[in-house]
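Q: I'll drop the sequence and a predicted model, then ask my questions.
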Amino acid sequence: AQKRPNRAWCIDGETLEPYTPKERDFYTTDAFTERALAYLDEYADEAAPFFLYVAYTAPHDPLMAPAEDIARYAGRYDAGWQATRAARWARQRELGLYSAGTTLSDAEFGDWDALSAAERREEARRMEVYAAMVDRLDRNVGALLAKLEELGELEDTLVLFASDNGGSADVVDIGEGEIGTMTRWTSVKRNWANVSNTPFRKFKNHSYEGGICTPLIVHWPRGIAAVGGFVREPVHFVDIMATLVDLAGAQYPTEHSGALVVPMRGASLLPLLAGEPLRRAAPLFWAWSQGKAVREGAWKLVSHGGPWELYDISADRTEMRNLAAEQPERVERMAAAWTRWRDRQR
C-alpha cells in the first residue's frame, strides 16, 4: 500500500481522479456505508432480491482514525505484545474457539521491555489506532444491519462478513507526525501482526494459518439451523459464488458478451447453514507470492518458498508438528494435485 498521485475514487461506473473530498472529516469507512445505505433506501420498494457488496478498506494501512475513536483505546496496549497476546489466547480458549489440545504458536515479536519509553509509546499508539479503525468499522456494519431491520429485511437477509487475509507484517512508514494523523502513513508491522493472528503462525502473504485463516461470520435468522455456534469446516472465498447461485436458484453462465466465463469453483455453504455436512468434491488450493497450500479434509500441505510441510489440522491447529517426513506418499500426492491445479490457472 503506497500513496498514489492519482487518488482514484470510484462511484458505480465513474472514476474520479485525482479525488479530493469536500468534507474535512471525510473517512472512507463512513463514506462506503453512506453509499450502501443510500442503495438500500433506493431499492427498498422493489420486490426482487438484492445483492449488496461492501468492500471496506479498513483496517488496512494507512493507520488513520478519527481522534475521538483513538481516544477510546488510550492506554489499552501499554502492556505490550506478550501481555496482549496472552490475554487474547486466554479469551479464545474461554469462548471455546479452539479445542483443549490446541497449542499456541511460538511468538514472532521481540522483547517489549527492551524498548525505550518513547518506542513503547509509539508501538502502543500503533495498536490504539488500529483498534480504533476496527471499532469504527464495527459501528458502520451495525448501521447497515440497523437499516436492514428498519426495512424489515434483516430476518431473511443472508449477511456474510469476512476478512481477506490475516494480519499483515508489511512495513510501511511514510511521512511525519503522530500515528493516526493524515501526515503519517504507517502500518501495524510484524510484532502487532503476530498478536493479531493469535494463535497462528506467520502473516498475510503466507499460506500458513496466520495468513489465510480468517473468520467468516454468517447471519441469517430464517436460514440458519443452529444460531450462535462455531462451524469448524474450512471454507474458501470460491465457495461464496456457489452459495449465492444455489440460494438464488440461478444458472451460472458459460459465456458473457461473447467471452467464455471461468467455470464456477467451490461448494455451496447452504448445507452447513442447515446443519448438514458440506459436500466438497475437490481439495482447496492457495497460491500467492511465495506461499502455496492444499487442504484435503484434515490434512494441509503448505510451503513458503521452501520444501512442502504437512500438518494434520484436526490435531495440530497451529501447524507446529510437520509430518512431511513421516508421510512422504501423502505429500507427493497432494503436491501433485496442487501442481495440476496451478497449471489449470495458466
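A: On my side now, so go ahead. Keep in mind that what you see is a predicted model, and the values were worked out from it rather than measured.
Q: CA only for contacts and neighbour counts going forward, please
A: OK.
Q: Let me know the helix or strand that Ala336 is in.
A: According to DSSP states H and E, Ala336 maps onto helix 328-344.
Q: How about residues contacting that helix?
A: For helix 328-344, contacts defined as CA atoms under 8 Å, 6 or more residues apart in numbering pick out 285, 287, 293-294, 301, 308-310, 324.
Q: Over to Ser303. Which of the three states is it?
A: strand (DSSP: H, G, I helix; E, B strand; the rest coil).
Q: Tell me the bridge partners for it.
A: Beta bridges link Ser303 to Lys292, judged by DSSP bridges.
Q: can I assume it is in contact with Ser207?
A: Yes. With contact defined as CA atoms under 8 Å, Ser303 counts as touching Ser207 (7.1 Å).
Q: which one of those two has more residues nearby?
A: Comparing Ser303 with Ser207 by other CA atoms under 10 Å, the one with more neighbours is Ser207, at 28 against 18.
Q: Look up the closest residue to that one, ignoring the ones flanking it.
A: Excluding its sequence neighbours, the residue lying closest to Ser207 (CA to CA, 6 or more residues apart in numbering) is Gly291, at 4.9 Å.
Q: tell me the contacts of that neighbour?
A: Counted by CA under 8 Å, 6+ apart, Gly291 has contacts 205-208, 302-305.
Q: what pLDDT does Gln2 get?
A: Reading off the confidence values, Gln2 has pLDDT 54.
Q: do the same with Gly13
A: Per-residue pLDDT puts Gly13 at 88.
Q: Near it, how many other residues are there?
A: Neighbours of Gly13 using other CA under 10 Å come to 5.
Q: do the same with Ala79
A: Ala79 - counted by other CA under 10 Å - has 13 other residues nearby.
Q: how far away is it from Ala87?
A: To Ala87, Ala79 is 11 Å away according to CA to CA, to the nearest Å.
Q: related to what we said a few turns ago, generate a ChimeraX selection restricted to the buried subset of the contacts of helix 328-344.
A: Applied in ChimeraX, the following selects the buried portion of the contacts of helix 328-344 according to 16 or more other CA atoms under 10 Å:
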select :285,287,293,294,301,308,309,310,324
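Q: now, the most widely separated pair of the contacts of helix 328-344?
A: Farthest apart among the contacts of helix 328-344 by CA to CA are Ala287 and Ala324. That separation is 19.4 Å.
Q: Which residues are in contact with each of Ser303 and Ser207?
A: Counting by CA under 8 Å, 6+ apart, the residues touching both Ser303 and Ser207 are 291-293.
Q: which among the residues you listed gets closest to Leu270?
A: Leu270 lies nearest to Ala293 out of the shared contacts of Ser303 and Ser207, by CA to CA, at 25.1 Å.
Q: Would you confirm that that closest one contacts Gly305?
A: No. In this structure Ala293 lies outside contact range of Gly305 using CA under 8 Å: 11.3 Å.
Q: shared neighbours, the two?
A: Counting by CA under 8 Å, 6+ apart, Ala293 and Gly305 have no shared contacts at all.
Q: which residue sits farthest out from the middle of this structure?
A: Using CA atoms, centre = their mean, the residue of the chain lying farthest from its centre is Gly258. It sits 34.1 Å away.
Q: Against Gln251, how distant is that one?
A: In terms of CA to CA, Gly258 sits 17 Å off from Gln251.
Q: same deal with Ala325?
A: 45 Å.
Q: what bits of the stretch 201-346 of the chain have low per-residue confidence?
A: The model of the stretch 201-346 of the chain has no residue with pLDDT under 70.
Q: ditto for the stretch 51-200 of the chain
A: Along the stretch 51-200 of the chain, no part satisfies pLDDT under 70.
Q: That one: helices as residue ranges?
A: 67-71, 81-95, 117-150, 189-196 (DSSP state H, counting those that start in this stretch).
Q: how about the second one: buried residues?
A: Going back to what we said before, that points to helix 81-95. For helix 81-95, burial by neighbour count (16+ other CA under 10 Å) applies to 81-82, 84-85, 88-89.
Q: ok, now the first one?
A: For helix 67-71, a neighbour-count test (16+ other CA under 10 Å) marks 69-70 as buried.
Q: so what does it touch, helix or strand wise?
A: Where contact means 3 or more CA pairs under 8 Å, 6 or more residues apart in numbering; DSSP states H and E, helix 67-71 is packed against helix 117-150.
Q: For the helix it packs on, enumerate the helices and strands it packs against.
A: Going by 3+ CA pairs under 8 Å, 6+ apart, helix 117-150 lies up against helix 28-42, helix 67-71.
Q: Ok, which of the ones you listed comes nearest Arg279?
A: Counting by CA to CA, Arg279 lies closest to helix 28-42 out of these; the figure is 33.4 Å.
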